[in-house]
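Novice: after the sequence you'll find the predicted model.
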Amino acid sequence: MGPALAADLPPRITLRGVLILALAQAGLALAYTACLVAEVGASRAAFGPHLGRSLLGGATHLLALAPVWWVIIRQLDGRRWPVRLGAHAVALPLFLAGWHELYRGAVHVVGALPLYEASVPWHYYFGAVTYTAEFAILHVVREQHLLRRREELAAELRDLAHRAELKGLRAQVMPHFLFNTLHTLSAAVPRDHEELRRRIAQLGALLRYTLNAADRDRVTLREELQFARDYLDLEQARLGDRLTVAFDIDERALQAPVPPVVLQPLVENALKHGVASHRHGGEVSLSIARHDGCAVVRVCDRAKGGTRRPVPDGPGFGLRSVAARLQRLGHGARLRTEPTPTGYAAELVVPMEPACAP
């Protein structure tokens, strides 16, 4: 039994389990009383008091059993069998002594004669046998429970492996299909439509960069800038005069290492909320500068016609993803967003060196 599986599925005291043990104890008490009455030749009138004392013994037996269950079944769950068997060897005499004292105290409280007083050795023998039987059943039930859980997990893992295999096949097929399709389209475009050929090539470059980025932890800011340029070029072809793009790039900052695909979400956010959603369009400006050992990237949007972009309630999924990946980058890397007099701005700061000023 693996400790991890045992920790994931800890044993619990359930009403069903308590009822089963209580019924078992009641059955034992009834059988024990019947045998005792038959052996001593007592009258039928004595059966009721004897049965009551036997049931009291069963109840105290269960009370004494509870702390042993907590230690061995619950706390030592997942340990090796020698450890648990050793714990049983220590717990059994303590359980018998505790049960005997509980029983004596209980019959004293109710004012009855102890049923086991004249035969204490038999009492200990009977308690040891029932203890062994009960814990054998408890351990078997626990192992069966864990076995079912293992089978369920194995089935889930097989299903996940099957799905992962299908996804892997799709991941292999789809890029080749897309690139072959784009190549076919580019080849089919007449030579006098060079602009369309260039757009198809840009789309292929975007797809290739996105796919390759999944296998890389870091890229340079220069690569991210080229990706953003291609993306803006395609969007400008779609939006036409509604989109104006302005760049202000410091070449000294373009060697900064960044997580892949952190610049495009900033540009997309500016396009979606600051330009495309406005009737007359707007402008997206992208500046990259070097300051205090950091590369500072700022993406701003400004709607045309004097309208101002509404301040969002909070960053969307794309911006939250960028912020989380920058935080993992460490060394002062961060993302800050703020409204501006004419729109909205996102500022990305990444270190050029091991440390970056906050």
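Specialist: Everything's here; your move.
Novice: residue 28: how many residues sit nearby?
Specialist: Residues within reach of residue 28, counting by other CB atoms under 10 Å, total 19. All C-beta spots, glycine's among them, are computed from the backbone N, C-alpha and C.
Novice: test my guess that it contacts residue 130.
Specialist: Yes - the pair residue 28 and residue 130 passes the contact test of CB atoms under 8 Å, sitting 6.7 Å apart.
Novice: mind listing the helices for this protein?
Specialist: 3-8, 15-40, 47-68, 81-110, 120-188, 194-213, 221-239, 264-271, 317-329 (DSSP state H).
Novice: residue contacts, residue 99?
Specialist: 60-61, 64, 127 (CB atoms under 8 Å, 6 or more residues apart in numbering).
Novice: how near is it to residue 196?
Specialist: Residue 99 sits 90 Å away from residue 196, going by CB to CB, to the nearest Å.
Novice: again, but for residue 21
Specialist: When distance is defined by CB to CB, residue 21 is 79 Å away from residue 196.
Novice: looking at these two, which is more packed in?
Specialist: Higher neighbour count among residue 21 and residue 196: residue 21, with 18 against 14, using other CB under 10 Å.
Novice: residue 54 - how many residues pack around it?
Specialist: By other CB under 10 Å, 22 other residues sit near residue 54.
Novice: hang on, it packs against residue 27?
Specialist: No - taking contacts as CB under 8 Å, residue 54 lies outside contact range of residue 27: 10.7 Å.
Novice: any regions of the stretch 51-200 of the chain where pLDDT drops low?
Specialist: Residues of the stretch 51-200 of the chain meeting the criterion pLDDT under 70: 111-120, 122, 162, 164-183, 185-187.
Novice: contacting residues for residue 55?
Specialist: By CB under 8 Å, 6+ apart, the contact list for residue 55 reads 25-26, 29.
Novice: thinking again about what came up before, need the contacts of residue 99 in a markdown table (columns: neighbour count and distance to residue 144).
Specialist: A markdown table is the format used below for the contacts of residue 99 (neighbours: other CB atoms under 10 Å; distance: CB to CB, whole Å):
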| residue | neighbour count | distance to residue 144 |
| --- | --- | --- |
| 60 | 21 | 29 |
| 61 | 22 | 24 |
| 64 | 21 | 25 |
| 127 | 22 | 26 |
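Novice: with these in mind, which one is nearest to residue 243?
Specialist: residue 64 (80.2 Å; CB to CB).
Novice: leaving out sequence neighbours, find the closest residue to the closest one.
Specialist: residue 99 (3.9 Å; CB to CB, 6 or more residues apart in numbering).
Novice: and residue 61, by the same measure?
Specialist: Counting by CB to CB, 6+ apart, residue 99 is the residue found nearest to residue 61 once chain neighbours are left out, at 5.6 Å.
Novice: angles on the backbone of the closest residue to residue 257 other than its chain neighbours, please.
Specialist: Nearest non-adjacent residue to residue 257, counting by CB to CB, 6+ apart: residue 218, 4.4 Å away. Here is the backbone geometry of residue 218 (degrees, to the nearest 10): phi -140, psi 150.
Novice: give the burial count for residue 218, as a bare number.
Specialist: If you count neighbours by other CB under 10 Å, residue 218 ends up with 11.
Novice: and for the one 4 residues further on?
Specialist: Neighbour count for residue 222, taken as other CB under 10 Å: 16.
Novice: and what of residue 63?
Specialist: Residues contacting residue 63 under the criterion other CB under 10 Å number 14.
Novice: what do you get for residue 128?
Specialist: Neighbour count for residue 128, taken as other CB under 10 Å: 14.
Novice: can you tell me how far it is from residue 285?
Specialist: Computed as CB to CB, the residue 128 to residue 285 distance reads 85 Å.
Novice: repeat that for residue 351.
Specialist: Using CB to CB, residue 351 is found at 23 Å from residue 285.
Novice: so between these two, which is more surrounded?
Specialist: Neighbour totals were compared for residue 351 and residue 285, and residue 351 leads with 20 against 17 (other CB under 10 Å).
Novice: bridging residues for that one?
Specialist: residue 294 (DSSP bridges).
Novice: now do the contacts for it.
Specialist: Contact analysis of residue 351 by CB under 8 Å, 6+ apart lists 256, 293-295, 331-333.
Novice: any chance of those in JSON lines, plus pLDDT and neighbour count?
Specialist: Output for the contacts of residue 351, formatted as JSON lines (pLDDT from 0 to 100; neighbours: other CB atoms under 10 Å):
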{"residue": "256", "pLDDT": "90", "neighbour count": "26"}
{"residue": "293", "pLDDT": "85", "neighbour count": "15"}
{"residue": "294", "pLDDT": "89", "neighbour count": "24"}
{"residue": "295", "pLDDT": "91", "neighbour count": "25"}
{"residue": "331", "pLDDT": "74", "neighbour count": "13"}
{"residue": "332", "pLDDT": "76", "neighbour count": "18"}
{"residue": "333", "pLDDT": "85", "neighbour count": "23"}
